[in-house]
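>>> using only what follows, build the 3D model:
(one chain, ligands or ions: 2)
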Amino acid sequence: MFNKRIRIKDLLASDKVNYEATVMGWVRTFRNNQFIALNDGSTNNNIQIVATLGEFDEALLKRLTTGACVKATGEVIPSLGKGQKVELKATTIEILGDSDAETFPMQPKKHSLEFLRENAHMRFRTNTFGSVFRVRHALAFAIHKFFNDKGFLYLHTPIITASDAEGAGEMFKVTALPLDGTAPKNDDGTINFKEDFFGRSTNLTVSGQLEGELAATAFSDIYTFGPTFRAENSNTTRHLAEFWMIEPEVAFNDLEDNANLAEEFIKYVIKHAMDNNKEDLEFLAQRLEDEEKQKPQTERSEFGLLEKLNFVVDNDFERLTYTEAIEILRESNHNKKKKFQYPITGWGMDLQSEHERYLVEKHFKKPVILMNYPKEIKAFYMRQNDDGKTVAAMDILAPGIGEIVGGSQREERMDKLTQRMEEMHIPAEELWWYLDTRKFGTCPHAGFGLGFERLVQFVTGMGNIRDVIPFPRYPKSAEF
Ligand code: 4AD
Ligand code: MG
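Ligands and ions are numbered 1, 2, ... in the order given. The predicted structure is shown next:
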């Protein structure tokens, strides 16, 4: 059987020696015409394969270039070299795929993250991206495990939809109509979407929440985990046009239950990664430390990556209201010395990421849950508080990231909901199905959305969100 191989991670984990094994992977380096460092992506550690001098064809040895795909069989023996317990003394070496040393982009040297982004099709073969994507996998697995163990139902919400869940209008259109000017038109010259594939105008979803609410009012506890799309022209280290979101929605929960669930959830998945991806996180921590050393002393973070993650898992998140946060920001020296790009103008203003980061990084030095925002700066579906000014919203802010979670208790009272929709010019006819949940057995419920890539960024310490998703989509970029 061709595929009878041992994973390099498993081979290296065992002390067992003097047995025959086959490994397959890609050459990282080939030294002294004798030592192959082979990697199969199961770990950043390479297996050293010894091609004893004189035992292999010169022609074959020449093809052992960085990037080549190799199958090697031999005896597992104790390693004399430092850093690994065992190595493989090859009896046969087969080149499965050649790699031209001159043109292979992943040379055995340090590449910039920008270069690797331009070569995202090959960057999986580096240690940094090996670790990032193994951690990403672990977090995705932990997310399903967390909700499954709690009895939640995993709901698949549609990717193509006619509604704008967030009411922010940042949607990509989906159409099958021709774009060469021949699309059917209405009398007023606008496109006639009745003639389009779905018989109406549609777009890629910005959030599965509204459909999630439908299911929560039947299954009680659901979550979604899928791709979402935002056509916002944000060229930042924290925005993608295509990102993955986890959205639990829970019947009978209020805002406090919602915050408790989010905090427990975040701690659980981070702990899972720490327990299961120790090696990768240690590698990423070292990487971050090296990167920090390039920065001026004052800009360096106090904590290492692992310390930061431990701290988050072990400590309560700080909870406060939007109103309290505005006070803290207004009174801060930072504001008084006019160091914010957007000065604190007062209650009602939307918080910019510099404000969020001030709260978590400078003031509280821990994750923060901000609650009860002014209704004017939040979505139509959030539950109105008795003060007539605020809604039962919550955002979770994380050090180095800013907003990582956005959620709320939902407005379950039909009259209040339709009134708010009217005020915000959201047509009730289009959301008749959403309003039906309030008509037939409405119930208190709450939910939130966690941006998966922001979580992966937080756990891996990667500075740019484009480096934690395999093939990032952002303004002017959709390569690969
Ligand atoms: O705050 P948002 O817009 O909330 C919602 O979409 C709600 N429907 C969620 C809910 O209550 N079910 O987005 C939720 C999270 C943000 O906190 C952020 O982590 C992430 O999604 N996010 C993005 N991540 C990457 N790139 C973007 N452009 C993002 N926009 C939001
Ligand atoms: Mg938000």
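
>>> contacts for stretch 15-25?
Identification of contacts with stretch 15-25 by Cβ atoms under 8 Å, 6 or more residues apart in numbering yields 4-6, 8, 11, 38-41, 47, 49, 69-78, 85-86, 88, 91, 96. (Glycine included, C-beta is placed from N, CA and C.)

>>> list only buried entries from these.
5-6, 8, 11, 38-41, 47, 49, 69-76, 86, 88 (16 or more other Cβ atoms under 10 Å).

>>> stretch 176-186 spans what distance, first to last residue?
Stretch 176-186 has an end-to-end distance of 17 Å (criterion: Cα to Cα, to the nearest Å).

>>> next: stretch 221-240.
Stretch 221-240: ends 28 Å apart by Cα to Cα.

>>> still on that earlier bit, tell me which of the contacts of stretch 15-25 fall in helices.
Residues of the contacts of stretch 15-25 located in helices (DSSP state H): 8, 11.

>>> quick check: which element contains residue 56?
Residue 56 is part of no helix or strand when elements are defined by DSSP states H and E.

>>> for the nearest residue to it once chain neighbours are set aside, give the beta-bridge partners.
Using Cβ to Cβ, 6 or more residues apart in numbering and skipping residues adjacent in sequence, the residue nearest residue 56 is residue 93, 6.3 Å away. For residue 93, the beta-bridge partners under DSSP bridges are residue 72.

>>> quick one: contacts for residue 93?
36, 49, 51, 56, 60, 64, 70-72.

>>> again, only this time at 7 Å
Contact partners of residue 93, counting by Cβ atoms under 7 Å, 6 or more residues apart in numbering, are 51, 56, 60, 70, 72.

>>> quick check: pLDDT value at it.
In the predicted model, residue 93 carries a pLDDT score of 98.

>>> one more: residue 436?
98.

>>> check whether the residue of the chain positioned farthest from its centre sits in a helix, strand or coil.
The centre of the chain is farthest from one residue, residue 54, which by Cα atoms, centre = their mean lies 49.2 Å away. Residue 54 falls in the coil class when you classify it by DSSP: H, G, I helix; E, B strand; the rest coil.

>>> and it, how far from ligand 1?
56 Å (Cβ to the nearest ligand atom, to the nearest Å).

>>> now do residue 377
The gap separating residue 377 from ligand 1 is 11 Å, by Cβ to the nearest ligand atom.

>>> do the same with residue 113
Taken as Cβ to the nearest ligand atom, the span from residue 113 to ligand 1 is 18 Å.

>>> interface residues of the stretch 301-450 of the chain facing ligand 1?
Within the stretch 301-450 of the chain, the positions near ligand 1 by Cβ under 6 Å from any ligand atom are 403-408, 447-449.

>>> of all those residues, which comes closest to residue 183?
residue 449 (33.8 Å; Cβ to Cβ).

>>> what's the neighbour count on that closest one?
Residue 449: 25 surrounding residues under other Cβ atoms under 10 Å.

>>> before we move on, what about residue 115?
12.

>>> can I get the helix or strand in which it is found in CSV? Just the C-alpha atoms.
Assessed by DSSP H and E, residue 115 sits inside helix 113-118. This file holds the C-alpha atoms of helix 113-118, laid out as CSV (Å, rounded to 0.1, in the frame of the first residue of the first chain):
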residue,chain,number,x,y,z
LEU,A,113,5.2,38.0,6.0
GLU,A,114,4.4,40.3,3.0
PHE,A,115,6.4,38.0,0.7
LEU,A,116,4.7,34.9,2.1
ARG,A,117,1.2,36.5,1.6
GLU,A,118,2.1,37.0,-2.0
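
>>> buried stuff in stretch 343-356?
Across stretch 343-356, burial judged by 16+ other Cβ under 10 Å covers 344, 349, 351, 355-356.

>>> skipping adjacent residues, who's closest to residue 117 in space?
residue 466 (5.9 Å).

>>> same deal with residue 42?
Nearest non-adjacent residue to residue 42, counting by Cβ to Cβ, 6+ apart: residue 9, 3.7 Å away.

>>> which parts of the chain are helices?
Counting by DSSP H, the helices of the chain are 8-13, 58-62, 113-118, 127-149, 209-219, 255-276, 278-293, 305-314, 322-331, 333-336, 353-357, 414-423, 432-439, 452-460.

>>> no further queries at this time; thank you.
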